[in-house]
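> with the input below, show me the fold.
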Amino acid sequence: MNKRTLLILSVICISAAVLVTVFADYGWLSIPPLALSIGRWLAIATLVYYAYTKNNLTTTILISMVVGIEIGLDFPEFSQNLKILSQIFLRLIKSIIAPLLFGTLVYGIAGHSNIKQVGRMGWKSILYFEIITTIALFIGLAAINLSKAGVGIQLPPHAHETLETHPQTFTDIILHIFPENIAKSIYDGAVLEIVIFSILFGVATAMIPEKHRRPIVTFVESLSEVMFKFTTLIMYFAPIAVCAAIAYTVGHMGLGILVHLAKLLLTLYAALIFLIGGVFFPVALLLKVPIRKFINAIIEPVSIAFATTSSESALPKAMKAMEGIGVPRKIVAFVMPMGYSFNLDGTTLYLALASVFVAQAAGIHLPFTTQLLMVFTLMLTSKGVAGVPRASLVILLGTLSSFNLPVEPVFIILGIDELMDMARTSVNVVGNCLATVVIAKWEGEFDEHAVPGHLN
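Here you go, the predicted structure:
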């Protein structure tokens, strides 16, 4: 039996089990609860076997969510003891935040953004990136405040233990941005302070002579690579953590939580569509980008990004496609890799949306000033970690820690993260392809007469 046939069989089995359970709940079928439970477990067994044959982390995470739901339904008391597994995962994720941000940001600035080399094209790119990603953050903020997808979720009482907040004055907010002691900032999980320190360190490194800069750049590049691998190792524990977290959540709150997840997913997709139609399209029209030629060029790289949930997998195709429609190679080679660190439009929108969702799920009203500070934090922390598997999870947890928000809703989100990742990754690729054309137009070097597929 091939994998495709096995997947179809698994979906049919689990769908049939769900339908029979629903019919039994409404009294349309008379089936003993034990028989229903056994039927669902047999259906889930086919999914587990499919995950085993697929040998793919994303597939395993999705199926572990289904297993967690069933454990929460059948063994609600036992499921409450599984929380420790998700807490272990959380601790491991938190442990990589500071070195990961430091390594990627310093390398991104000192290794790629040498002011003497990039000159005019550099500041134009950075300006464009910051404007678009900030707009994306505010769209995400508006979308979740309108849909209120997290409102109504009832977290366990002890989930609110970390939610003690103290009113901050404007002076406190400003001082909170700048680090007093970097070791203390790391210990306290003050992500924004770590980011500011890393940015200043990266700028200072970029300004020193090459013979002194090179060892530091090599070190932070190696540190980044180690942390990428560290993250990969931690993510192997993700299926167990997701299963435990979903089981714990369903065991306490029931299946009603799935309605909120569907609402969150729809909110994200609607917000991303608005970003494309309300921001990308007007920018393209304003700069007279050849829309049809551009769309035809990005179809393949965007499809790759959507299927693999990886921006990096689409990078070679995207660079070739942009060069093919008239963007000079020197601009593509500079803007596209830089955009992969500083212009993650889909991811930044998602982070703003997910952060407020967590607050809503916890029953916390975030004042607009606090939401603005959160947006400013995300505007900085979302830069430089595009190559990390599940990078958004790392950034999201770090931001929540800075604002004393609970982490339980994050594990709820992780259950549908694959479906959300497909959309936001695709938008990241579209945004970076558009950025290369924008900079080429701004520089007056876009070839209007280029024929796609015919490169010099």
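> name the helix or strand for the residue nearest in space to the middle of the chain, please.
Against the mean C-alpha coordinate of the chain, by C-alpha atoms, centre = their mean, the closest residue is residue 392 at 3.0 Å. Residue 392 is part of helix 391-402, with elements assigned from DSSP states H and E.
> what domains does the record give for this structure?
Domain segmentation of the chain under automatic domain parsing yields 3-82, 114-195+255-443.
> next, format the ones you listed as JSON lines and append distance to residue 236.
C-beta here means a position set from N, CA and C on the backbone, and glycine is covered the same way. Shown next, in JSON lines, are the domains of the chain (distance: least, C-beta to C-beta, whole Å):
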{"stretch": "domain 3-82", "distance to residue 236": "7"}
{"stretch": "domain 114-195+255-443", "distance to residue 236": "10"}
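> so for residue 207, which of the ones you listed sits nearest?
domain 114-195+255-443 (8.1 Å; C-beta to C-beta).
> and that closest one, how far from the chain's centre?
With C-alpha atoms, centre = their mean, to the nearest Å as the basis, domain 114-195+255-443 stands 7 Å off its chain's centre.
> in stretch 321-340, which residues are buried?
321-328, 331-332, 334-340 (16 or more other C-beta atoms under 10 Å).
> among those residues, name the ones in strands.
Among the buried residues of stretch 321-340, no member falls in strands (criterion: DSSP state E).
> so which of the domains of the chain gets nearest residue 226?
The nearest among the domains of the chain, by C-beta to C-beta, is domain 114-195+255-443 at 11.8 Å.
> restrict stretch 269-285 to CA atoms and write it as CSV.
Listed next in CSV are the C-alpha coordinates belonging to stretch 269-285 (Å, rounded to 0.1, in the frame of the first residue of the first chain):
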residue,chain,number,x,y,z
TYR,A,269,-6.1,34.1,6.0
ALA,A,270,-8.4,37.1,5.8
ALA,A,271,-5.7,39.4,7.1
LEU,A,272,-3.1,38.0,4.7
ILE,A,273,-5.4,38.4,1.7
PHE,A,274,-6.0,42.0,2.8
LEU,A,275,-2.3,42.6,3.0
ILE,A,276,-1.8,41.4,-0.5
GLY,A,277,-4.8,43.3,-1.9
GLY,A,278,-4.6,46.4,0.2
VAL,A,279,-0.8,46.9,0.4
PHE,A,280,1.1,44.8,-2.2
PHE,A,281,-1.2,45.5,-5.1
PRO,A,282,-1.4,49.3,-4.6
VAL,A,283,2.4,49.5,-4.2
ALA,A,284,2.8,47.5,-7.5
LEU,A,285,0.3,49.9,-9.2
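> buried ones in it?
Across stretch 269-285, burial judged by 16+ other C-beta under 10 Å covers 269, 271-272, 275-276, 279-280, 283-284.
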